[in-house]
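Novice: 3D, please:
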Amino acid sequence: MAKRGGFPGGMPGNMNNLMKQAQRMQRQMEEAQKELEEKEITATAGGGAVEVTVSGKREITGIHLSEEVVDPDDIEMLEDLIMAATNEAFRRLDEFSAESMSKITGGLGGGLGGMPF
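Specialist: Here you go, the predicted model:
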């Protein structure tokens with residue numbers, strides 16, 4: 001009677017190679033995640049009047065305001081500039097993260113080998 005399931009004598013060569021590739025990709029993704037967490041991205045708004053720096057952990061690590069942008073009669077403009085610089089910094093961080101992952105996966109998409117599972 002034949003065995004049900006599995007492969008006699010262990011995994012075939014292709015499955016073994018696939019497992020090694022998956023393990024290598026996992027290590028690379030862990031390294032990329034660590035690199036991302038250590039990364040800092042800076043963006044500006046208002047021609048450089050407002051500068052915001054964010055970390056790869058998605059935390060604001062710095063804000064720099066030029067004196068000329070601090071106008072007590074126009075707080076709304078300052079708020080808008082800070083928001084714009086912050087959003088741009090987070091957008092750049094997302095872009096960096098996507099590029100890093102794409103290098104690892106080779107642009108395979110969400111599934112293994114481009115297969116949607």
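Novice: all helices of this structure, in order?
Specialist: Secondary structure of the chain by DSSP state H: the helices cover 13-38, 75-105.
Novice: output the ones you listed in CSV, with mean neighbour count appended to each entry.
Specialist: Just so you know, the C-beta spots here come from the backbone N, C-alpha and C atoms, and that holds for glycine as well. Supplementary listing: the helices of the chain in CSV, determined by neighbours: other CB atoms under 10 Å:
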stretch, mean neighbour count
helix 13-38, 12
helix 75-105, 15
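Novice: which stretch among these comes nearest Val54?
Specialist: Within the helices of the chain, the stretch nearest Val54 is helix 75-105; the backing value is 4.4 Å (CB to CB).
Novice: which secondary structure elements does that closest one contact?
Specialist: Helices and strands touching helix 75-105, as assessed by 3 or more CB pairs under 8 Å, 6 or more residues apart in numbering; DSSP states H and E, comprise helix 13-38, strand 40-45, strand 50-55, strand 60-65.
Novice: repeat that with 6 Å
Specialist: Packed against helix 75-105, as judged by 3 or more CB pairs under 6 Å, 6 or more residues apart in numbering; DSSP states H and E, are the following elements: helix 13-38, strand 40-45, strand 50-55.
Novice: what mean pLDDT would you report for that helix?
Specialist: Per-residue pLDDT values over helix 75-105 give a mean of 92.
Novice: ok, the spatially most central residue of the chain - contacts?
Specialist: Central residue of the chain (CA atoms, centre = their mean): Ser97, 2.2 Å from the mean position. Residues near Ser97 by CB atoms under 6 Å, 6 or more residues apart in numbering: Leu36.
Novice: do you know how far it is from Arg58?
Specialist: Separation of Ser97 from Arg58 (CB to CB, to the nearest Å): 10 Å.
Novice: before we move on, what about Glu79?
Specialist: As judged by CB to CB, Glu79 and Arg58 stand 20 Å apart.
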